[in-house]
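> after the sequence you'll find the predicted model.
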Amino acid sequence: MSSLTLLFVIAALGLVAWVLARTRARRFRRGARQRFSSLPQHHGWYVALCTVVPALTFLLIWYFVSPALVTDAVLATPRAAALPPAGFDRAGILSEAREIAAGRAYGAFTPLADALAPAYAAAQARFDAIGTVIALLLMFVGGAWSFMRVRPGFSARTRNERLVMVLLLAASLVAIATTVGIVLSLLVESARFFRIVPVGDFLLGTRWNPGVIDPRDPGATLGALPLFWGTFFIGAVIAMAVAVPLGLMSAIYLTQYATPRARRWMKPLLEVLAGVPTVVYGYFAALTVAPAVRQAGAAIGVTSASSESALAAGLVMGIMIIPFVSSMADDSLAAVPASMRDGSLAMGATSAETIKRVLVPAALPGVIGGVLLAVSRAVGETMIVVMAASGVATLTLNPFASTTTVTKQIVDLLTGEAAFASAKTLAAFALGLTLFVVTLLLNVVALMVVRRYREAYE
Amino acid sequence: MSKSLVPHVPVSAAEVAPHRPTDWRSDAMERRVRRRYAAERRFRLMGLGAVVVSAGFLAFLLIVMIAQGHLGFVETRVTLPLDLRQARLGLTAERLRGPGADLALAGAGLERAVDAAANRAFATEGGAALLSDGAWLRVRDAVKRDPHLLGRPFTLDLPVASAIDVAAKGNGTPAAERTVAALGAHLSRGIARDFLTGADSTDATRAGIWGALKGSLLTMFVTLALAFPVGVLSAIYLEEYAPRNRATDFLEVSINNLAAVPSIVFGLLGLAVFLGTLHLPRSAPLVGGLTLALMTMPVIVIASRNAIRAVPPSIRDAALAVGASPIQVVSHHVLPLAAPGILTGTIIGMARALGETAPLLMIGMRAFIAAPPDRLTDPATALPVQIFLWSDQVSRGFVEKTSAAILVLLVFLLAMNGVAIFLRNRFETRW
C-alpha cells in the first residue's frame, strides 16, 4: 500500500481509537458519583496518541532505513555478483536499477541495471509490506494496551501532558541534531580530505588550482590562502567600506534627526534591501555593476581592470549588508542612556557634536559587535560572488583585479562532474569547515562584545 | 571686546584674572557658532545622504530590472499566411473532434507544413528560420480549437525566433535588425504566454518559469510542513517548559548559532547527509525542502520565542489559578495570543527560504529540467536557481527572461512580506 494510503489509514484508525475511548469513558462517568481527574476526551486523546505515535515514529525511521535494507537484499541475489566490485560504477548501476524499479526511468544505459530492476522491485515490495505490517501491528498493540487502561481512576490528562512534553522535547532536539549533523558531516569529509592533503599545505599554500591536481602531491595546487585573502578582501574590506559608513550614517539619521513620520517609511524601505534575494544582487552585480566598475577602472588608468573584479562584488555585497549594520547601530544607539545625550545637549553641544563625541563613542562596542556580525554574514554570502567574482585565485591588493572567495570555490568544486570522494569534492567540505568555524567565531566574539556592552549600561 | 576669551588661544592666568562674562555677540563668537551650525547641517545632510544613497540603489536596481524584465512578458509575433490544404496533412475536421485528435495532430507533419509556409511567405527575409521552434505548436492549438481551419487559408500570429525577437525589442545584432526592418508591418506584439506556463528551454522564446515556480512551491511546501511545526513546538518547549540547566543552555546556543550559519553550509549538510548517506533522489523538491527546513527552523524558533515571551505572565497565572494544566495554559491562552507574531516570523522565514539559492545548488537542483515536476521526488529546479541558470546563458534572449523571472520572484516576496506586515499591524497586541 502506498505511503499516502498508509498515512490515511493511520489517521482513520487514530480517529476510531479516539471515538471508542471517549465513548467508553463517557459510559463509566454516567451515573457515577465520584469526581474524575480526566474528561472523556482526555481518555480519547490518550488512546489516539498511543495508537498513532509509535506507528508514525516507526514509519519515519523505516523510511530512512529501508532503502539500505533493500539494497542489501538486492546485493544478496546471484545476479548482483556481476556488479563491478566497488566505486562509482557500482553505485551508478544500483541507482539506475532503483530508478527503473520505481518507474521513474524508462530504458537503461547499462543492461545490468535492467536485469537488477526486477530484483529491486521485488525487494522493495517485500520491505514495504514488512513495514506496513509492523506499523499496523504497533497500532493495534498500542491501541489495545491503552484502551484497557481507560478506567475511572486512570488519570489520562496527566499522561497526555507527559506525552506532549516528550513531543516538544523531541522537536527541540531537531536543532541539536542539525548542529551535530553539520559538524559531523563537515568533520568526516574534511578528515578524509586531510588524509590526502596535509593541513599545512591547505591552510598556508598560496597556489589554488583544483583543475590540475597532481595525484602524487595534491596539496601543491590546493593551497587555500588566496581564497581566504579574497574572502577577507571582498567581504571584510570592500563590503564594509560601503556598508559601515552608509549603515551607520543612516542609523544616526533615522534615530536622531528624522521625524517619526519619515522614520516610519524610511526604515522599511532600507529593510527591503535585506529582503532582496542574493541571486538578484548577484545578477545585478554581474550585469550592471561589474561593467561599470571596469569602465571606471579603465577611466582612471587601471589597464588590468577585470570584468569580474573584487570591487563589483564587494560593492554590491556592501549594499546588501547596509540594513544589517544600520539596524545593529540603531539598537546600540538606542541603548545609550538618555541622560548622557541630554547632558551633552544641556552643555550647549549641537546634535552633531553630541552624536560624534558622546553617542557614537558610547555605542561603539555595540556597533563593533554589529560590524563583526555583518562581516560574518558577508563572508558566508554565496550568490553575489558566484555570479560576479571570478574563479581564478590571486593574491592581490588591487580592487580592480579578479579575486575569488571560499564560497565561490565551494560551489565551483561541487557543481562540476567529479566523483564524490575525489580530492576535489572533499576540498569543498574542508573549505566549508573553515567557513563554519570562522563565522562561528565571529558570531561568538560579536555576541560577547555586545553583551558586555549592554551590561555596562544596565 | 576682549579677544582673549576665544578658546584655543593660549592665555596666561594673569590675563584672564579679572573675570568677565563671555560676549556672545562678538565677531569671533558668532563666526564660531556659524561654523558649528554649518558642521551640524553638513552632518545632518550626510545622514540624509546615506539614506538616500541606499534607497537610491534599491530604486536603481528595481528600475533596471523592470526596464529589462517587462520585455520578458512580451513576445514578438509575425503574421504568417497559412493554407494547410496544400500540405496534404491527411487530417479531416471529423478526426480532430474524436478522441485521437492529439495523436493525429502529432503525427501529421504540421511542423514541416508551417516551415514550408514561412519559406514561401518570407523567402527573402529568412523563411522558416524566422520562426521560434515552438511556433508550429501554436498552429496545432489553433487547428485543434477550430478544425475548419484545415479547409481554408488563414493567417496566424506566430512567435519569432529569439534573435529576431531581441532585435525587434531594440538591441539585436545588425543582421537581425535588418530583418526586422524588412518584415516591418508583419510584426506585432503580444503577451508571452509560454513564459508564464512553460518550463525551462534552450530556446529563449519558449523558456518559461512555471516549471521553476512549481518546483519552488513544492519545495516551500516541504519546508513549511517540517519547519513550522518543529519550530513552533521547540519554541514552546524552550520558552514555557524547559528547565534552566546546562542542556537547555546548549540547546539555546545551538539554535542561535544555526540562525547565523551561512546558507551554503546547510547545502553541504544536505549533500553529505540526504544525498550521500540516505540516498534520497538528487534535484528533488523533497531534499531541497528538507535542507531549507533546517535553515528556516531556527528563524521560526527565534521569532516564535519572542512572540511567546511577549504574552504577559499574568495571563498564564490567571489560567493556572482556575485549574488549567500547563499544556492547557499554552494551547488555550498563550498560543492564540502569540499566533500573529509566530505567523509573521514564519512568513518572513519562508520568504527568505524562497529566495535562497546556494543550498539548492549544492544538492543538484541546477539541472536543466524541461518539464514541471509532478511529485516531491521528481527532478526539479527552483525559481532563484532558474534565475541563476538563465543568467549564465549566452543567448541574448535570456537577459530579459532573467529579469522577468526576477520580477516574478520579487512580486512573490513582496506579497509575502506585505502579508507579514499586515498581520503584525492588524493582530499584534501591545501589552
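Alright, I've got the coordinates. Please read all numbers here as calculations on a predicted model, not as lab measurements.

> please, where are all the helices along the stretch 151-300 of chain B?
B:162-168, B:174-183, B:193-197, B:210-236, B:246-260, B:263-269, B:285-310 (DSSP state H, counting those that start in this stretch).

> give me whichever of those helices is most buried.
The highest mean neighbour count among the helices of the stretch 151-300 of chain B, using mean count of other C-beta atoms under 10 Å in any protein chain shown, belongs to helix B:263-269: a mean of 27. Where C-beta positions appear, they are placed from N, C-alpha and C, glycine not excepted.

> just give me the longest strand of chain B.
The strand spanning the most residues in chain B, taking DSSP state E as the definition, is strand B:74-82.

> for the record, mean pLDDT for it?
For strand B:74-82, the mean pLDDT works out to 85.

> and what of stretch B:307-322?
94.

> repeat that for stretch B:188-207.
Rounded mean pLDDT across stretch B:188-207 is 84.

> check which residues of it are buried.
Going by neighbour count (16 or more other C-beta atoms under 10 Å in any protein chain shown), the buried part of stretch B:188-207 is B:192, B:194-195, B:198-201, B:203-207.

> any idea how far that stretch is from the chain center?
18 Å (C-alpha atoms, centre = their mean, to the nearest Å).

> now do the end-to-end distance for it.
In stretch B:188-207, first residue to last residue: 20 Å (C-alpha to C-alpha, to the nearest Å).

> that stretch close to chain A?
No: judged by C-beta under 8 Å from any C-beta of the partner chain, stretch B:188-207 makes no contact with chain A; its nearest approach is 15.7 Å.

> just to check, A:Ser250 is in contact with B:Val51?
Yes: taking contacts as C-beta atoms under 8 Å, A:Ser250 lies within contact range of B:Val51: 4.8 Å.

> which neighbours do the two share?
Residues touching both A:Ser250 and B:Val51 (C-beta atoms under 8 Å, 6 or more residues apart in numbering or on different chains) are A:Leu270.

> which of those two has more neighbours?
A direct count of neighbours by other C-beta atoms under 10 Å in any protein chain shown for A:Ser250 and B:Val51 places A:Ser250 higher, at 30 against 26.

> how about the contacts made by A:Arg22?
A:Arg22 makes contacts with A:40-41, A:43-44, as judged by C-beta under 8 Å, 6+ apart.

> check which helix or strand A:Val438 maps to.
Assigned by DSSP states H and E, A:Val438 belongs to helix A:423-456.

> and that helix, which residues are buried?
A:423-436, A:438-440, A:442-443, A:446-447, A:449-450, A:453.

> hang on, the earlier thing: show me what the longest strand of chain B is packed against.
Here strand B:74-82 touches helix B:110-121, strand B:154-159, helix B:162-168, strand B:187-191, going by 3 or more C-beta pairs under 8 Å, 6 or more residues apart in numbering or on different chains; DSSP states H and E.

> now tabulate the ones you listed in JSON lines and tack on distance to A:Gly153.
Below are the helices and strands packed on strand B:74-82 laid out as JSON lines (distance: least, C-beta to C-beta, whole Å):
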{"stretch": "helix B:110-121", "distance to A:Gly153": "79"}
{"stretch": "strand B:154-159", "distance to A:Gly153": "77"}
{"stretch": "helix B:162-168", "distance to A:Gly153": "78"}
{"stretch": "strand B:187-191", "distance to A:Gly153": "71"}
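
> and chain B, what are its domains?
Here the domain parsing of chain B from automatic domain parsing is B:74-197, B:210-427.

> quick one: the helices in the stretch 301-450 of chain A, in order.
Counting by DSSP H, counting those that start in this stretch, the helices of the stretch 301-450 of chain A are A:310-335, A:338-346, A:351-354, A:360-380, A:383-388, A:406-414, A:423-456.

> among those helices, which is nearest chain B?
Shortest distance between chain B and these, using C-beta to the nearest C-beta, is found for helix A:360-380: 2.5 Å.

> so, low pLDDT: which residues of the stretch 151-300 of chain B?
For the stretch 151-300 of chain B, no stretch has pLDDT under 70.

> show me what from it comes close to chain A.
B:229-231, B:233-234, B:236-238, B:241-242, B:250-251, B:254-255, B:257-258, B:260-266, B:268-269, B:271-273, B:276, B:278-279, B:281, B:294, B:297-298.

> can you add distance to A:Thr403 and give the helices of the stretch 151-300 of chain B back as a markdown table?
Output for the helices of the stretch 151-300 of chain B, formatted as a markdown table (distance: least, C-beta to C-beta, whole Å):
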| stretch | distance to A:Thr403 |
| --- | --- |
| helix B:162-168 | 33 |
| helix B:174-183 | 37 |
| helix B:193-197 | 36 |
| helix B:210-236 | 31 |
| helix B:246-260 | 24 |
| helix B:263-269 | 18 |
| helix B:285-310 | 27 |
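
> which of those sits closest to A:Ala25?
Proximity to A:Ala25 (C-beta to C-beta) singles out helix B:210-236 among the helices of the stretch 151-300 of chain B, at 27.0 Å.

> where does the stretch 51-200 of chain A dip in pLDDT?
A:82-92, A:102-109.
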